[in-house]
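sequence? don't have it. structure:
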């Protein structure tokens, strides 16, 4: 059971991180702009829900770019609440600055079968 939950955790983290990277790429390519990109965000999404709701494509008013269908469940905590880090945070920070989402991690306090903390995955 533990191994299965760890596989699901890795899959969920990969899905979230890929969506964050696709958002950043869209900003860098000029597909997203204007009011959807806040000053100081470094081009990263303001929160995970933005990846689901989507943002307006530059030059259109009715077309949105969406990056996730839903925020995946953390299989270890059973919730969609993820720990988040801003671009400005230290790599091992456990508090979110609130400006953007650069990385995500599980909030589970446990350790994996390999002995590493889930928060470090």
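That came through, no problem. If you're wondering where the values come from, they're calculated on a predicted model, not measured in any experiment. Residues are numbered from 1 along each chain as shown.

quick check: longest helix of this protein.
helix 2-28 (DSSP state H).

for the helix or strand following that helix, packing partners?
Per DSSP states H and E, the first helix or strand lying C-terminal to helix 2-28 is helix 48-53. In this structure, helix 48-53 packs against helix 2-28, with contacts taken as 3 or more Cβ pairs under 8 Å, 6 or more residues apart in numbering; DSSP states H and E. Placement of C-beta: from N, CA and C, glycine included.

got the contact list for the residue nearest in space to the middle of the chain?
In the chain, the centroid-proximal residue (Cα atoms, centre = their mean) is residue 16; its distance is 4.6 Å. Residue 16 is in contact with 48, 51, 68, 71-72, 82, 104, counting by Cβ atoms under 8 Å, 6 or more residues apart in numbering.

now residue 77
So, once contact is read as Cβ under 8 Å, 6+ apart, residue 77 ends up touching 106-108.

quick check: PyMOL command selecting the buried ones in these.
Burial among the contacts of residue 77 is assessed by 16 or more other Cβ atoms under 10 Å; the matching PyMOL selection reads:
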select buried, resi 106+107+108
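
quick check, nearest of the contacts of residue 77 to residue 5?
Residue 5 lies nearest to residue 108 out of those, by Cβ to Cβ, at 9.3 Å.

sec struct for that closest one, please.
coil (DSSP: H, G, I helix; E, B strand; the rest coil).

you'd agree it is up against residue 79?
No: with contact defined as Cβ atoms under 8 Å, residue 108 does not count as touching residue 79 (10.1 Å).

poorly predicted segments of the chain, please.
35, 40 (pLDDT under 70).

try 90
Along the chain, segments meeting pLDDT under 90 span 30-43, 56-63, 90-95, 97-98.

picking that back up, including secondary structure, neighbour count and distance to residue 93, could the contacts of residue 16 go into JSON lines?
Output for these, formatted as JSON lines (DSSP: H, G, I helix; E, B strand; the rest coil; neighbours: other Cβ atoms under 10 Å; distance: Cβ to Cβ, whole Å):
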{"residue": "48", "secondary structure": "helix", "neighbour count": "21", "distance to residue 93": "17"}
{"residue": "51", "secondary structure": "helix", "neighbour count": "23", "distance to residue 93": "20"}
{"residue": "68", "secondary structure": "coil", "neighbour count": "20", "distance to residue 93": "23"}
{"residue": "71", "secondary structure": "coil", "neighbour count": "20", "distance to residue 93": "20"}
{"residue": "72", "secondary structure": "coil", "neighbour count": "20", "distance to residue 93": "22"}
{"residue": "82", "secondary structure": "coil", "neighbour count": "21", "distance to residue 93": "14"}
{"residue": "104", "secondary structure": "strand", "neighbour count": "23", "distance to residue 93": "12"}
